[in-house]
Structures are given as structure tokens and as C-alpha cells.
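1. how does the following fold in three dimensions:
(chains A, B, C and D)
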2 protein chains.
Amino acid sequence: MVAVDLVLLTIRQAALHVLLVRRGIPPFLGQWALPGGFVLPDEDLFVAAERELREETGVSAGAGHLEQLATYGAPGRDPRGRVFAVAYLALVPDLPVPVAGSDAASASWQPVPATGLAFDHDTILADGLERARSKLEYTPLATAFCAPSFTIAELREVYETVWTTRLDPRNFHRKVTSAEGFIEPTGETVIRERGRPAQLFRRGSATLLHPALLRPGSSA
Amino acid sequence: MVAVDLVLLTIRQAALHVLLVRRGIPPFLGQWALPGGFVLPDEDLFVAAERELREETGVSAGAGHLEQLATYGAPGRDPRGRVFAVAYLALVPDLPVPVAGSDAASASWQPVPATGLAFDHDTILADGLERARSKLEYTPLATAFCAPSFTIAELREVYETVWTTRLDPRNFHRKVTSAEGFIEPTGETVIRERGRPAQLFRRGSATLLHPALLRPGSSA
DNA sequence: ACCCTTTATCGTCAGTGTGACGACAACGAT
DNA sequence: ATCGTTGTCGTCACACTGACGATAAAGGGT
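-> You can find the predicted model right below:
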């Protein structure tokens, strides 16, 4: 018995949100849980995670980011019997469609931290958050939260939201533009709300950041 | 059907070695494979990995390091049917006893890279190596390869072996001694073969290195 | 005893990344 | 035109890094 569970994160209204579903069947009936389901016979693990992602959000994995997180197999974690959960971490841009075609009783984006989840999903969510925070440091993963083209300020807001910190706009600008292959200018500019027009960028080809953007406060 | 497989690494004769077992039963009879076995009913995943480690080496997990690596579940990876493998990465010091009490037909330390392994174990081994190399950068994990007390030169040899690089002894010395909580002096000194006596250290209490020891060559 | 080799440890110096912050550019609103 | 707001570039002191010189403390050979 192997299931795939999804820690599906996005940024809405300048806050980090996780997709939760209300359970329509026992156990934990009525409680919130991470979306997930059993792996089909002859289905690859990653493919199963992609399927879950598509079913819950309608996005194909190409737009955002999907990676394996960890596997949870404590004997008592599911009252129905021995069930192993392979958790995946998914990061997607803020979707225009607010969760379409979900097969659960109800699904909704909820701000993190969310607690009191079914099974051991509190732990899985915490692990997913820590992975996401950590990966922003040394990979260009923050772009997975953004639309195909974005401004540096929008990218900075991703970091500020996930890390719950404030970052200096000038230093941030310098660092992301000097990190080889992080972002590429599209040549266009755009005006967001107020102020001087900003350049638009798309994600670059790098898979690792050099130099990394370290979280502040870790040294002092 | 869930199995636990072990990427068990150690350093012998200044080279990185992985523990492999020769399969005594089909499938892949006679081929080398990572040690592993099925998870018992009511057995925790981590406990199963610890049990494997103890059965293969006689060491309790306390001495070295044991962490979950990833889970592999491609439909065709095991000819016998659908088997998921939860891989664990173990790092242990060079053991005086050369693999005692193994239940496999034969087990032996083999230098990495080793190829031609059974199942998808080539991939699992490669993933384990990359994880180990990466974790040396920002965690004090290198001490897991060392005896309880060790010299800085021995610690440096760990880095040089795992990264297959040469490191400047003077810069390395400066970095490990200035990284808060990495290593603590025991007060004793010891003479290894030739040269001036070296101070002995034990592992410190830090779980993260500040600043990190980055692999050379990644920037240029 | 004296040199020589080897290994451990400390210092120096230039180059680079970083945080704090000043300055200016380019928009909308008044 | 002026102001507030946001984007972008520059400057400076400081920390960390790599390259490498210098010294300390052992053993071996003569």
C-alpha cells in the first residue's frame, strides 16, 4: 500500500498558501489533509504525483516545479493499516482558476502554517516548507512561484514571503542580476501599480545559483 | 511491497568504498547489489534501515550517520513485481571488523564508482554519492567517517576523498577551526607516521556549518 | 649534535561577495 | 511643477577565500 501525498504551495496575496482538502471519508472524516491518493498499478511514482497535481490544480508539471520530498512509513500513521506515503513538493504560480476539478469533498488554499491536519500531514507539511525555504537559497526555484515573465520586485516578494523576512531591494537586485543564468531580461518593461516601470525577466537556464542567496540571520 | 536499501559508504585506504552484497537468489543471481531487505510488518522505516545497517556492519547507527535518501518506484524495477525501494544513506568510519555476520552470500567493500549493479542500484548509488558530496559542504557530516577523535588532516582526507580534489592544508585548517561548533579540541595530541604532532578533535554540536565549505571549481 | 624531510599550524595579501545605505531615474497623483 | 513611490546603479567597510610564505615540532640519517 503506497500513496502519494502532495505539499502544494503557492503565493496568494503576499502570503504562502498550501492546498488542503477536507476528507470526505473516514478515517479523519471532515479534517483537513494534504491532497493525495494511492499509486496505480504500473504507475511510476513521479507520474502519480504529476497526476495528483493535475487533478487538483489543472496545471501540468511543466509550469511550476515538482520534486520528491520524503517517504513516511511509521507503523501507526494510518489507522486502516500499513500505508507508506511518498510525499512530493510542488511549487506553482498563483493560479487564476481557484482549484478546479478536485475530486475531494472540498479543496482550498490555506495560509501556512496550517496545523491539525489528518494523519502525519503536519510533519510532512513542515518538512516541505523547510525544503522549499532551503532550496530558494541555492537554486533558481523561486521562479516556479512566478508567472512566465516577472519583475525583480516580484521575485523578491517570493523570497520575502517564503522566508518571512525583508530583503534590501538594491542588494537583492544586484545579487539576482549577477548570478549567472538565474534570470534573463525579456527586453520589455511594465508598470505595476505605482512607480518607475520595471524590466521583465524570464527564468534562466541555470539549475544551481552561483553565488547562492543565503538567508539573513543565519550567521550573526 | 516495500524494501529498504542501503547506500553504505566508508573510507578505506584513502578511497571511498561502498558495501555491496552478491545476490544468492534470483533475480540478478550472482550480481552485486546494495544491501537491503523488506520492511517487517509494524516496523518503522528508519528502524528497518538501522537493522540493515547493524546486520551488515555490526555498528549501531549512533557511531556514523543514517538518513533517508529517496524512494524508487518505477514499475519495472523489480522483475518479481511491484516493489518500492526506500533508499537510506549511511556513512560509517572505517571498521576494524571487515563486515561481520552478513546474511548475504558474500559482502564486501568495493571502491566507487561501482557499476553494473542489480536492479536500479546504479542510479541509487549515484544519488547517494551526490547527496554525500553535497552534504559535506554545509553540514559537519564528514566527521561520521572519522573515529571518535581525529586530527584535522584526517578530516581533510575525508573531504579530499569524497570530493576527489586536493585541498590546501592551511586554508582547510583555518576554515574548520573557525566554523563555529564544527570540531572541538580534546586537548590531546598524537603523532601519525611522520611530522609534527597534531591536535586531536571530536565532533562539535553544530548541525549546520557557518560558513560552509564549498567545493572548489564550482565558481570559476 | 646537526641537518633534512615531513607534517602541523599561523600569517599575509589581493580578490570577491555582502550588508548598509546614498543617489538618481521614471512613473502617477496632486 | 512637486511629491511620493518604485526601480536601478554606486559606494564603502567588512567578511570570506584562495594562493602562498614562514615557523614549529617531530623522526631519520650522517
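2. hmm, A:V86 and A:D5 touching each other?
-> Yes. A:D5 lies in contact with A:V86 (CB atoms under 8 Å); the separation is 7.4 Å. (Glycine included, C-beta is placed from N, CA and C.)
3. can stretch A:177-189 be said to contact DNA strand D?
-> Yes. Contact of stretch A:177-189 with DNA strand D (CB under 7 Å from any atom of the strand) involves A:T177, A:T189.
4. any buried residues in that stretch, and which?
-> Neighbour-count burial for stretch A:177-189 flags A:A179, A:F182, A:I183 (criterion: 16 or more other CB atoms under 10 Å in any protein chain shown).
5. all strands of chain A, in order?
-> A:2-12, A:15-22, A:32-33, A:36-38, A:65-72, A:84-91, A:106-111, A:183-190, A:198-203 (DSSP state E).
6. need phi/psi at the closest residue to DNA strand D within chain A.
-> Of all residues in chain A, A:G195 sits closest to DNA strand D, at 2.1 Å by CB to the nearest atom of the strand. Per-residue torsions, A:G195: phi 80, psi -180 (degrees, to the nearest 10).
7. and A:L209, what does it touch?
-> Contacts for A:L209 (CB atoms under 8 Å, 6 or more residues apart in numbering or on different chains) come out as A:E137, A:Y138, A:T139, A:P140, A:A179, A:F182.
8. and which of these is nearest A:F46?
-> Distances from A:F46 to the contacts of A:L209, taken as CB to CB, are shortest for A:T139 (18.2 Å).
9. for the closest one, give its distance to A:R131.
-> For A:T139, the distance to A:R131 equals 11 Å [CB to CB, to the nearest Å].
10. just A:D5 next, same as before
-> Taking CB to CB, one finds A:D5 at 14 Å from A:R131.
11. tell me which of those two has more neighbours.
-> A:D5 (25 against 17; other CB atoms under 10 Å in any protein chain shown).
12. stretch A:203-216 and DNA strand D, any residue contact?
-> No. Stretch A:203-216 stays clear of DNA strand D (CB under 7 Å from any atom of the strand), getting no nearer than 9.9 Å.
13. do that stretch and DNA strand C come into contact?
-> Yes. Stretch A:203-216 comes into contact with DNA strand C (CB under 7 Å from any atom of the strand), by way of A:P211, A:A212, A:L213, A:L214, A:P216.
14. relative to the whole chain's centre, how far out is that stretch?
-> When distances are taken as CA atoms, centre = their mean, to the nearest Å, stretch A:203-216 is centred 17 Å away from the chain's centroid.
15. for stretch A:208-220, same thing?
-> Worked out by CA atoms, centre = their mean, stretch A:208-220 lies 20 Å from the chain centre.
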